[in-house]
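In: My questions concern the predicted model and sequence given below.
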Amino acid sequence: MSKTLVIAEKPSVGRDLTRALPGAFAKHEGYLESDSHVVTWAVGHLVQLAEPDEYDAKYKKWRMNDLPIVPPKFKLVVRDERSRKQMTVITRMLKRDDVSLVVNACDAGREGELIFAWTFEKAGAKKPVQRLWLSSMTAKAIKDAFSSLKPASEFAKLEEAARSRSEADWIVGMNATRAATIRLRSSFDGAVSLGRVQTPTLAIIARREEEIRAFVPEPYWLVDATFETVDDPRRYTGRFHAGAQPRLKTAEEAAEIVAAVQGGRGTITKLEKTKRSEKAPLLYDLTSLQREANTRFGFSARRTLAAAQRCYEEHKVLTYPRTNSRFLPTDMIPEIKPIAGLLGTQREYAKASAYVTGLDVLPLGRVINDAKVTDHHAIIPTNSDHKVDKLSDDDRRIYDMVTRRFLAVFHPDAVFENTRLETTVAEHVFRTRGRVLLEPGWRGVYGEGLEERGGDDDEAPDQQLPKLVQGEQADVREVGAEEKITQPPRRYSDASLLGAMETAGKLVEDDELREAMKDSGIGTPATRAAIIERLIDVGYVERDGRALVCTEKGLSVIRLLGEHPLTSPSLTGDWEHRLSKIEEGDEARSNFMADIAQFADATVHELDEKLKEVKIPRANLGPCPVCGHDIVENRKGFSCWGREDPGCGFVIWKSKAGKTLPPAVARELISRGRTEKPVTGFKGRSGRSFRAKLALMQTEDGKWRVEFDEPWAREGAKPPEGEEAAASGAAETTAPAAASSSQPEAA
């Protein structure tokens, strides 16, 4: 009897699939088997593109003359020993005589297609393949998908796009990294990692950091007054404006206005009331979900993706999360009310659910759009029994966000009444804003959980205003001036960086406009979280709370690259757009790859010329606190010894708790003995970041150490939020070995 071999992406998915297939399954090492089916699985990527030295041993050494490296045909290798074990199982299953059909059950998307294609190719398999396409992991969805398997040929273009993306990243990343590292190895420790997607993302962060550093703060003054109406006492506040400008340049100007209106009487010279409707936000795709979770809860993009993936894969309460769409297809319309009805069995969603299920006609204009649904529709709750009591705190928060957004999109607009009034006192105009929610509409789904936005420094925040009439008189009860300082641009958070990546570096907040720019973004929803983490892992970026801070190394790399096309968000955005066209069959893969090879060649030559004579001077931090010799920077630390002069052996190692200490921190430690402010970017054993002050301390044996200068460290406790320091204490001040000349690893 012939059997069907089903290959899933993960073991947990494989087990779920067996529950929807006929017969009893017996457990074996690496697979499950029944009378009619064999189910096995990858463990993510079992196979990867080979390193350059797999093509030619000469590539083990990094030489400019060997670049660019563009294989005529890419080789595949098994990733590691754990992967080799499972790859052996899959290969054996594929070669079984009783297996006549193979089902690709990897995740339904570009990356899942690549995982299967590489595994199938590496195994040397030739058997016919069909595709299982899933957006939901409920038992019903799995059974429906198995009853409508699709020919693998329908996804040939998706596979081409997947291969093109991976090979393009290999070609550009491998060649650019080697070229930059060869030319800058005297200036940087390890490889100078560059890439088709990570470098333009780094450029966005680095250029914001340059703006912040170049920013010169300037003082300004605001004048606020509290008014009380004369005939029927009611109070409200207002802010002085000269035309549209509330800022005053000097304290003297502010003092003059305060003196002029103090104890005076004004008149409400302008009062306007307007109604404004606010539409419900679109359904979530992965990027918008990650952005909002970062804004509301401080979740990193990776943390949000992990929670959403668990809700899809393990708990089966959400649909497939790695989606680029914020819409549903037409065939989902019959599912909407049943999903809403199921949500109504949970107390917190009962009222909103009842509204949706009670509608005679669903408002589908902002929900259904077949043209904007490709691989997967928007993230929504599934039509299955939601055992939410088993969700972790992270998973419950993400589930709640998706559920409320799903219910809210079918509710009417929220309606506000906006009030703008001006009170004139001795020819000085004070402006006041008021905002009242008249009809909650979709906002009612959130209850008290959705915060209103207040005003910025220029605009006084909205206030609940009493009933006021134009022409009414009001006395000044209080008036005062407050000094402010202009603020630099904010550093990117995960939320704002994901937004910039989605629109190729352009600042766009409007939902509809963002939709139009999606195909030209940097990376894809499935890869953006990994890109951010990659920049952190290679030491280009650090987390400081929610802020992403560019390190000196990251800044130096972007400064050295200058206006090279590799730093351009629009360039990689254009490439992502072309990958989408390959996926849709509108562009030949061969044309794209030819352009990538040409770009890699041009990049190698440009980096060779641009970086050939670059020498980044090592920092001189002043006299050694022990022997008085100059402390200079070397590859691994800051020390008073060198080839000509061994000094006394004093050294501050650069590496501490997952962070590379910059010269500025070492200089402060040497001159002051401790840092005045906490240093950011340390990592605990859990992988989460923390900040801490540092101190330079001498041990009993006369050696010096850099230690955390915090109460929890002195008491031998863990860093905040349960994080453990990756290295308690610091390395002793022994002289490091001579700098290694070994070849840096490929990035």
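Out: On my side now, so go ahead.

In: Looking at the record's assignment, how would you partition this structure?
Out: Listed by automatic domain parsing, the domain ranges of the chain are 3-148, 164-214+490-611, 219-279+414-485, 286-408, 620-722.

In: Just list the residues touching the residue of the chain positioned farthest from its centre, thanks.
Out: Here the chain reaches farthest from its C-alpha mean at residue 231, the gap being 55.8 Å by Cα atoms, centre = their mean. Residue 231 sits next to 472, 473 when contact means Cβ atoms under 8 Å, 6 or more residues apart in numbering. Bear in mind the C-beta positions are built from the backbone N, C-alpha and C, glycine included.

In: if you go through the stretch 601-747 of the chain in chain order, where are the helices?
Out: For the stretch 601-747 of the chain, the helices defined by DSSP state H, counting those that start in this stretch cover 663-672, 711-714.

In: got it, and the stretch 401-550 of the chain?
Out: With helices called from DSSP H, counting those that start in this stretch, the stretch 401-550 of the chain shows them at 494-502, 511-517, 525-537.

In: For the last one, which outside residues touch it?
Out: In other words, helix 525-537. With contact meaning Cβ under 8 Å, 6+ apart, helix 525-537 is reached by 109-111, 193, 195, 197-198, 201-202, 205, 285-287, 290, 300-302, 304-305, 322-324, 494, 497-498, 501-502, 522-523, 541-543, 548, 554.

In: Looking at it now, give me its mean pLDDT.
Out: Average pLDDT, helix 525-537: 91.

In: Just name the most buried of the helices of the stretch 401-550 of the chain.
Out: Mean neighbour count (mean count of other Cβ atoms under 10 Å) peaks for helix 494-502 among the helices of the stretch 401-550 of the chain, with a mean of 24.

In: what's it packed up against?
Out: On a contact count with 3 or more Cβ pairs under 8 Å, 6 or more residues apart in numbering; DSSP states H and E, helix 494-502 meets helix 198-214, helix 286-297, helix 511-517, helix 525-537.

In: if we go to 7 Å?
Out: helix 198-214, helix 286-297, helix 525-537 (3 or more Cβ pairs under 7 Å, 6 or more residues apart in numbering; DSSP states H and E).

In: which one of the ones you listed lies closest to residue 473?
Out: helix 286-297 (43.1 Å; Cβ to Cβ).

In: Now do that closest one: which elements does it pack against?
Out: The contact analysis (3+ Cβ pairs under 7 Å, 6+ apart) places helix 286-297 against helix 301-313, helix 393-408, helix 494-502, helix 525-537.

In: Just the residues contacting the second one, thanks.
Out: Read that as helix 393-408. 280-281, 283-284, 289, 292-293, 297, 303-304, 307-308, 310-311, 315, 317-318, 340, 343, 349, 352-353, 356, 379-381, 388, 391, 442, 445-446 (Cβ atoms under 7 Å, 6 or more residues apart in numbering).

In: same thing but at 6 Å, please
Out: 280, 284, 307-308, 310-311, 317-318, 343, 352, 356, 379-381, 391, 442, 445-446 (Cβ atoms under 6 Å, 6 or more residues apart in numbering).

In: can you tell me how far the closest residue to residue 286 other than its chain neighbours sits from residue 304?
Out: What sits nearest to residue 286 in space, not counting adjacent residues and going by Cβ to Cβ, 6 or more residues apart in numbering, is residue 525, at 3.7 Å. For residue 525, the distance to residue 304 (Cβ to Cβ, to the nearest Å) stands at 11 Å.

In: Please apply the same query to residue 434.
Out: Residue 434 is 36 Å from residue 304, by Cβ to Cβ.

In: Tell me which of these two has more neighbours.
Out: residue 304 (28 against 17; other Cβ atoms under 10 Å).

In: And the helix or strand where residue 157 lies, what's buried?
Out: Secondary-structure assignment from DSSP states H and E places residue 157 in helix 156-184. Within helix 156-184, the residues scored as buried using 16 or more other Cβ atoms under 10 Å are 157-184.

In: distance between that helix and the chain's centre?
Out: What separates the centre of helix 156-184 from the centre of its chain is 21 Å, taken as Cα atoms, centre = their mean, to the nearest Å.
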